[in-house]
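Undergrad: The following block contains a protein sequence and its predicted model.
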Amino acid sequence: QNLHGYRWTKEKVNSELKVIMNEAFNSIYKTVKAKKISYRKAAYVLAVKRIVDAMILRGRV
């Protein structure tokens, strides 16, 4: 189900998940190449960036 309460088929769920996972991987891959760091560190860099961006939007930084 999504926020609207619609039921999704297994195929729809897998399709949406694939898109999300591909976008996440591509972001990490770009960070790995740009900063010449490991995939793990790149994932952490992006995670912290998302947290900081959210804090800025909420006026906490």
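TA: Nice, thanks for sending it over.
Undergrad: in the chain, what spans have low per-residue confidence?
TA: 1 (pLDDT under 70).
Undergrad: Against Ala47, how distant is the most centrally placed residue in the chain?
TA: Nearest residue to the geometric centre of the chain (C-alpha atoms, centre = their mean): Ala24, 4.5 Å. Separation of Ala24 from Ala47 (C-beta to C-beta, to the nearest Å): 10 Å. Bear in mind the C-beta positions are built from the backbone N, C-alpha and C, glycine included.
Undergrad: Which neighbours do the two have in common?
TA: Shared contacts of Ala24 and Ala47 (C-beta atoms under 8 Å, 6 or more residues apart in numbering): none.
Undergrad: and Tyr6, how many neighbours?
TA: Using other C-beta atoms under 10 Å, Tyr6 has 8 other residues around it.
Undergrad: Where does it sit: helix, strand or coil?
TA: The three-state label given to Tyr6 by DSSP: H, G, I helix; E, B strand; the rest coil is coil.
Undergrad: For this protein, which segments are assigned as helices?
TA: Secondary structure of the chain (DSSP state H): helices at 10-35, 39-57.
Undergrad: helices or strands next to the shortest one in the packing?
TA: Same thing as helix 39-57. helix 10-35 (3 or more C-beta pairs under 8 Å, 6 or more residues apart in numbering; DSSP states H and E).
Undergrad: tilt between the helix it packs on and helix 39-57?
TA: Between helix 10-35 and helix 39-57, the angle comes out at 100 degrees (axes from the mean of the first three to the mean of the last three C-alpha atoms, to 10 degrees).
Undergrad: Going by neighbour count, list what's buried in helix 10-35.
TA: Neighbour-count burial for helix 10-35 flags 27-28, 31-32 (criterion: 16 or more other C-beta atoms under 10 Å).
Undergrad: Need the residues you listed in JSON lines (columns: distance to Arg40).
TA: Shown next, in JSON lines, are those (distance: C-beta to C-beta, whole Å):
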{"residue": "Ser27", "distance to Arg40": "14"}
{"residue": "Ile28", "distance to Arg40": "9"}
{"residue": "Thr31", "distance to Arg40": "11"}
{"residue": "Val32", "distance to Arg40": "10"}
